[in-house]
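Engineer: Fold the stuff below for me.
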Amino acid sequence: MKKIIASFLSLSLLAVSCQFINLTQTPTPPPTEIPSDSWDDRSIFKGGLVPSAQPILDELPGASVYHIEFNIGSDMLHITGSEEVRYTNTEETSLNDVRFRLFPNILGGEMTVSNLTVSGEKNRPSYDLNDSLMIVPFAEPLQAGESAIVKMDFDIVVPDNVNLNYGVQAYYDDVLAFAHGYPMIAVYDDEGWNAEIPPQSGDVTYADMSFFIVKVTAPEGVTLVGSGREVNRALNGNRQTVTYEAGPVRDFYLAASPEYEVFTKESNGVTLRFYTRDFLQDGAEYALDVAARSIEVYNQRYAPYPYTELDFVSTPTLALGIEYPGMIAITEGAVVPNDTYLEATVAHEIGHQWFYNLVGNDQLDDPWLDESLTQFVTLQYFTDEYGESGNQGFRQDLEGRWAYINNAKIPVGLPVAEYTDAEYSGIVYGRGALFFEALREQIGQDAFDTFIKDYTETNAWDIATPEKLKAAAEEHCSCDLTSIFEEWIY
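Structural biologist: Next up is the predicted model:
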């Protein structure tokens, strides 16, 4: 995700002819009937998935379902809303509570929750982790397979600066970047409820697949961009209301700006859009070219991209790029045509659509499973696109990151919190990607290619672990890989 900086030498770039459509407003889609009574009606989500991914709608029986409303104030800094979510206990044990992350409280803003009920009964939560964790007790333990409806209202004050966590949540320079802006259910796994205050250098979320229907009301002159697919739009005086469906996804992201125009490209059944200021059109169109080529490479090597849309937004983020499900934020200063930094950023962030979203992981405890692998995926893109020169160019960046910390043999598999900033870049973004090259060399090209494809398909829509990755590699090489994992990972 963050700090994906390509410092390698400029590469000869392929010229790709395409047609772009410059739209000042997102086309209004035909109205879609939105399920209101049945939590199990997933018909609305079918249109957002490519045909090969649509069978997942008959699976994931315990996935949470969020119905969210955001009301964005005229100053773009004050947001009120409501959330109703069905949570199902998919564990093998009963649960005494369900826990929500209130990320605005540690991202420089403020979130307060009111009118909380569980299955219609008033509820009094407790708070922890600087009010970023809301613990909602059940009147009676929620048994395995049982569900509860949690409903609440909330008020948010958005930061007016980008000082914390790269500005993932801020209204700055006429752009609202609104990541993780709703009470998000934490992951329950073999460690119990996963919740901590994340380090500034890494990702903040670890999430299961969920389904979202989100209604956003905002000033009429603002262009809204949300995760998933827009399914309805209405005007009411000087206010607009746009409804999105997204699912299965791990998060919901929203961006908005009165300055956005949109540039669109169709590629292999996927609509690619870049929302940015009009004078950045050339850079946006170049990014969409790279996006189309990246998706083609990753479709062949890993699994088909599952959604019918992929949106880019330029924001004032201090990272070059940040991934969200079906959406990517690119820092405005990087939207430069024929630029290798932009190419590497786009290829990397698109790689996260496979490794972070489609195949999930604990991004705080096992960041290498998405960041190191996605750096390797980016190396694969440059190799497939440009041959040996492309491989050497990006490999030079990976080696340079590791060399910056004197090629220290620090394990790749540590939690984010156990690295310094320099170590996180050098080990997770540098040495970690080189581990996958070493693994490929040890087990052979054919075994590696079938392993990584099988790993992706087997863990799609689920949570992967280091143990799952190692077991998959060993299955395809019929060998014991303990020594190489001990040398690089553990």
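Engineer: could you pull out the strands for the stretch 51-200 of the chain?
Structural biologist: 64-72, 78-88, 95-101, 110-118, 121-122, 126-128, 133-142, 147-157, 169-172, 175-179, 184-185, 188-189, 192-193 (DSSP state E, counting those that start in this stretch).
Engineer: can I get those in a markdown table with mean neighbour count, mean pLDDT and distance to Leu288?
Structural biologist: C-beta: built from backbone N, CA, C; applies to glycine. Shown next, in a markdown table, are the strands of the stretch 51-200 of the chain (neighbours: other CB atoms under 10 Å; pLDDT from 0 to 100; distance: least, CB to CB, whole Å):
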| stretch | mean neighbour count | mean pLDDT | distance to Leu288 |
| --- | --- | --- | --- |
| strand 64-72 | 22 | 98 | 27 |
| strand 78-88 | 19 | 98 | 30 |
| strand 95-101 | 20 | 98 | 33 |
| strand 110-118 | 16 | 98 | 34 |
| strand 121-122 | 9 | 98 | 49 |
| strand 126-128 | 12 | 98 | 43 |
| strand 133-142 | 17 | 98 | 39 |
| strand 147-157 | 18 | 98 | 32 |
| strand 169-172 | 24 | 97 | 25 |
| strand 175-179 | 26 | 98 | 19 |
| strand 184-185 | 22 | 98 | 30 |
| strand 188-189 | 16 | 96 | 37 |
| strand 192-193 | 14 | 97 | 40 |
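Engineer: just so I know, which of those strands lies nearest Tyr253?
Structural biologist: Closest approach to Tyr253 among the strands of the stretch 51-200 of the chain is made by strand 175-179 (5.5 Å; CB to CB).
Engineer: who's in contact with that closest one?
Structural biologist: Contacts with strand 175-179, where a contact means CB atoms under 8 Å, 6 or more residues apart in numbering, come from 72, 76, 79, 103, 107, 158, 167-171, 222, 251, 253-257, 259, 313-317, 322, 324, 329, 332.
Engineer: what do you get for stretch 415-432?
Structural biologist: Residues contacting stretch 415-432 (CB under 8 Å, 6+ apart): 3-4, 196, 198-199, 201-203, 363-368, 371-373, 375-376, 398-405, 407-408, 410-412, 414, 488.
Engineer: Can you say which of the residues you listed are buried?
Structural biologist: The neighbour-count test (16 or more other CB atoms under 10 Å) applied to those identifies 3-4, 196, 198-199, 201-203, 363-368, 371-373, 375-376, 398-399, 401-402, 405, 410-412, 414, 488 as buried.
Engineer: when you check these against the helices, which ones overlap?
Structural biologist: Among these, the ones falling in helices (DSSP state H) are 371-373, 375-376, 398-399, 401-402, 488.
Engineer: which of those sit farthest apart?
Structural biologist: Every pair of those checked by CB to CB; the farthest is Leu373 and Glu399, at 17.5 Å.
Engineer: Isn't Ile443 up against Cys479?
Structural biologist: Yes: with contact defined as CB atoms under 8 Å, Ile443 counts as touching Cys479 (6.7 Å).
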